[in-house]
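Novice: Pasting a predicted model and its sequence here:
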Amino acid sequence: QQQVKQSPQSLIVQKGGISIINCAYENTAFDYFPWYQQFPGKGPALLIAIRPDVSEKKEGRFTISFNKSAKQFSLHIMDSQPGDSATYFCAASPSGNTPLVFGKGTRLSVIA
Amino acid sequence: GAGVSQTPSNKVTEKGKYVELRCDPISGHTALYWYRQSLGQGPEFLIYFQGTGAADDSGLPNDRFFAVRPEGSVSTLKIQRTERGDSAVYLCASSSQSNTGELFFGEGSRLTVL
């Protein structure tokens, strides 16, 4: 059973455009929702995270939108750049130090 | 180094052989996690240590997989009687006690079972 469903599987965006990746979850005990970025040959690295007490969190060009009633959250990358080309994973866990459950990933390509 | 270190970076073995993968976490991080990542997939949880003890080993796929962390720092993932389906990148991550939730991942050990 896949606990975190991520879409799309791949995404191509023009430089300067907005990249949007979506995730849905079933477990209502989840209360921590991070996004990780992974470049080829590297381990995933935390990009931005949100807890359900807020509906949106913004850090630079990256924004998480969270909809608790729909059990969905999304990552928006504004002014997408070629350097943003990577695989993005959403994840969730019941609390900060318990194991994260990851989505299957979205491969983003930003083309000039 | 300041990050999570994993060795070897690459391991090729034959079906049926025994393999050990090592993880050296960030100094002072009490929590250590092992994940497995197959091609085109997200990291899949295997086991989590808090200090020396395995707090959660529910992700280990079967009894061929075992992990230890005897002194609460370095951890070793051990795979017995390897199978071709074990081929994947094995990722280690550590986190501090601060409960921010951030996992710091190593670059992984790529295991290929022929």
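Specialist: Done, it's in. If you're wondering where the values come from, they're calculated on a predicted model, not measured in any experiment.
Novice: Keeping just the C-alphas, turn the helix or strand of chain B with the lowest mean pLDDT into PDB.
Specialist: Lowest by mean pLDDT, DSSP states H and E among the helices and strands of chain B is strand B:53-56, with a mean of 87. What follows is strand B:53-56 as a C-alpha-only set of coordinates in PDB (Å, rounded to 0.1, in the frame of the first residue of the first chain):
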ATOM      1  CA  GLY B  53      19.000   0.100  19.700                       C
ATOM      2  CA  ALA B  54      16.800  -0.500  16.700                       C
ATOM      3  CA  ALA B  55      13.700   1.600  17.400                       C
ATOM      4  CA  ASP B  56      11.900   0.300  14.300                       C
END
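Novice: Report the strands that pair with it, each with its relative direction.
Specialist: Here strand B:53-56 is paired, per DSSP bridges, with strand B:44-50 (antiparallel).
Novice: State the mean pLDDT of the strand it pairs with.
Specialist: Averaging pLDDT along strand B:44-50 yields 94.
Novice: before we move on, what about stretch B:2-11?
Specialist: Averaging pLDDT along stretch B:2-11 gives 96.
Novice: Is any residue of it near chain A?
Specialist: Yes: using Cβ under 8 Å from any Cβ of the partner chain, stretch B:2-11 reaches chain A at B:V4. In short, each C-beta sits where N, CA and C put it, glycine included.
Novice: Buried ones in that stretch, by neighbour count?
Specialist: By neighbour count on 16 or more other Cβ atoms under 10 Å in any protein chain shown, the buried set for stretch B:2-11 is B:4-6, B:11.
Novice: With distance to A:E26 added, can I get the residues you listed in a markdown table?
Specialist: Listed next are these as a markdown table, based on distance: Cβ to Cβ, whole Å:
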| residue | distance to A:E26 |
| --- | --- |
| B:V4 | 30 |
| B:S5 | 36 |
| B:Q6 | 32 |
| B:K11 | 36 |
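Novice: For A:D79, what is the enclosing helix or strand?
Specialist: Element membership for A:D79, per DSSP states H and E: none, as it lies in no helix or strand.
Novice: Give the buried residues for stretch B:55-71.
Specialist: For stretch B:55-71, a neighbour-count test (16+ other Cβ under 10 Å) marks B:59-60, B:65, B:67, B:69 as buried.
Novice: Between its first and last residues, how far does it reach?
Specialist: Stretch B:55-71 stretches 15 Å from its first residue to its last (Cα to Cα, to the nearest Å).
Novice: Hmm, A:L108 is touching A:P82, no?
Specialist: No: counting by Cβ atoms under 8 Å, A:L108 does not reach A:P82; the two are 10.4 Å apart.
Novice: Just want to know which of the two has more residues nearby.
Specialist: Ranked by neighbour count (other Cβ atoms under 10 Å in any protein chain shown), A:L108 and A:P82 place A:L108 first, with 21 against 10.
Novice: Would you mind pulling up the elements that the helix or strand containing the more buried one packs against?
Specialist: Element membership for A:L108, per DSSP H and E: strand A:106-111. Judged by 3 or more Cβ pairs under 8 Å, 6 or more residues apart in numbering or on different chains; DSSP states H and E, strand A:106-111 is in contact with strand A:10-14, strand A:19-25, strand A:86-92.
Novice: Flag every buried residue along the first one.
Specialist: Buried residues in strand A:10-14, counting neighbours by 16+ other Cβ under 10 Å, are found at A:11, A:13.
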